[in-house]
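# Mind folding the following:
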Amino acid sequence: MKTIHSVSLLVAVGAVAVVGGCELALRAAPCPCAEGWTCCPAGNICVLEASECVADADGGTGDAAGHSDAGIPQGNPQTGVATLATGTPGAYDIAVDETHVYWVASGMAAPTDTDAQILRVAKWGGTPEVVLTLPPRVYHFTLDSTHVYVAHHNSPQGGAVEGAGAILRVPKAGGAAETVAAGLTAPYAIAVDEQDVYWSKGFAYTGAISRTPKAGGAVVTLGDGVDNPWDLALDDTFVYYTEMNKGRVMRLAKAGGAPAELASGWVGTGTVAVDDTSVFFTACPTGPCEEQRLYAVPKTGGPTRLLASRSSAGGDGAVQVGPTWVYWSGIRAGASEASLGVIDMVARVGGDLLPLVAGLDAPIAIAAEPDGSSVYWVDVISGDVGRVWLP
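Down below sits the predicted model:
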């Protein structure tokens, strides 16, 4: 069991969250419920009415919707942390829909590479399901309402085999994979809108941003000669991406045209996310990335705002945007414990950086519910997939 890390919102003890004296995974004292909710006697389910508490097979109580007290609470009644899956080799990216959490085992595992897999598990926990298995490697994927879209890198770690990559899609519940685009080199970041799938050619000084229809068709190169495009995000009109090796954030029209620089001046820029008005991104001011920084810049360009910074043991973390908060994962430096991975949050307008989860190893990717009720993460070292409910 990991060392207890005291934080202002949660105390994370490995996979067990202690919130106001309640250990969710151990069913200790009754958990605190949000205003208007009632705690069932077993202390691990909050319901709107006490009459909704029902007996279940182990002699405890659950709720009328069938969620056991040994499981995870329904809706957003409690704050707490749960581990949804463990031990996925090379876990690298994560996404959520209405019912499931999806993640990728990249195939990047010691001492030798293994097959890459897309997996999913119900948001309330359960047995993980394999959606798709591929030769290594897969770093990133994304979802729409029916399919999982996969950037199949299909190259050794740090390498890029010319023409070996592809964009694939598979039904969310699994099945036969379709090839959306083939003969690609090092497809890396990926995103979809209603019509098209977009991806970056990464690991290259001569990278690119491309798109093609989601069911397959002609590949259109929107931007060429991009210096290691690391991440991308979409709105209705534009593609936003980070150009890591040039330390800048760029905007490119989906219809094509010249790219526009929105922000620059860092040694490297990393992950990116957007809301209605701003582009949020991570950046490192120095080569070793001894300090992580989180910024926002208007979508139309303008002054860049520093939202938060923290010491770093390497990398710049992942970023997701909720209705009120920006969530930011990473690895802190300067502490003696082995597990320095954290997920923090800061208001979209800026302010204090608040700790959300601590005691992780390396939460390389995060996903957030659209309503801001939960944040999910995947840990590339432990291979764990987790969820935290927000107050």
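
# Now find how far off-centre the helix or strand residue 130 falls within is within its chain.
In this structure, residue 130 is located in strand 129-134 according to DSSP states H and E. Between the centre of strand 129-134 and the centre of its chain there are 19 Å (C-alpha atoms, centre = their mean, to the nearest Å).

# helices or strands next to that strand in the packing?
Packed against strand 129-134, as judged by 3 or more C-beta pairs under 8 Å, 6 or more residues apart in numbering; DSSP states H and E, are the following elements: strand 116-122, strand 147-152, strand 165-171. The C-beta positions use only the backbone N, C-alpha and C, and glycine is treated the same way.

# Could you say which of these is packed most deeply?
When those are scored by mean count of other C-beta atoms under 10 Å, the highest mean neighbour count falls to strand 147-152 (a mean of 25).

# So what touches that one?
Strand 147-152 has contacts (C-beta atoms under 8 Å, 6 or more residues apart in numbering) with 102, 104, 116, 118, 131-132, 134, 138-143, 165-172, 177, 180, 187-190, 192, 197, 199, 214.

# Quick check on residue 324: phi, psi?
Recorded main-chain torsions at residue 324 are phi -120, psi -30, according to degrees, to the nearest 10.

# doesn't residue 372 make contact with it?
Yes: in this structure, residue 324 sits in contact with residue 372. The criterion is C-beta atoms under 8 Å, and the distance is 6.1 Å.

# more crowded one of those two?
A direct count of neighbours by other C-beta atoms under 10 Å for residue 324 and residue 372 places residue 372 higher, at 17 against 11.

# which one is that one nearest to, not counting chain neighbours?
Excluding its sequence neighbours, the residue lying closest to residue 372 (C-beta to C-beta, 6 or more residues apart in numbering) is residue 322, at 3.7 Å.

# Now the phi/psi pair for the one you found, please.
Main-chain dihedrals, residue 322, degrees, to the nearest 10: phi -110, psi -170.

# I'd like the distance between it and residue 187.
When C-beta to C-beta, to the nearest Å is the yardstick, residue 322 and residue 187 sit 28 Å from each other.

# between these two, who's got more neighbours?
Relative neighbour count places residue 187 above the other of residue 322 and residue 187, with 28 against 20, counting by other C-beta under 10 Å.

# Mind listing the residues bridging to the more buried one?
When assigned by DSSP bridges, residue 187 has beta-bridge partners residue 201.

# what's the distance between it and residue 353?
As for residue 187, its distance to residue 353 is 33 Å (criterion: C-beta to C-beta).

# which residues of the stretch 101-250 of the chain fall in strands?
116-122, 129-134, 138-143, 147-152, 165-171, 178-184, 187-192, 196-201, 207-213, 220-226, 229-234, 238-243, 248-253 (DSSP state E, counting those that start in this stretch).
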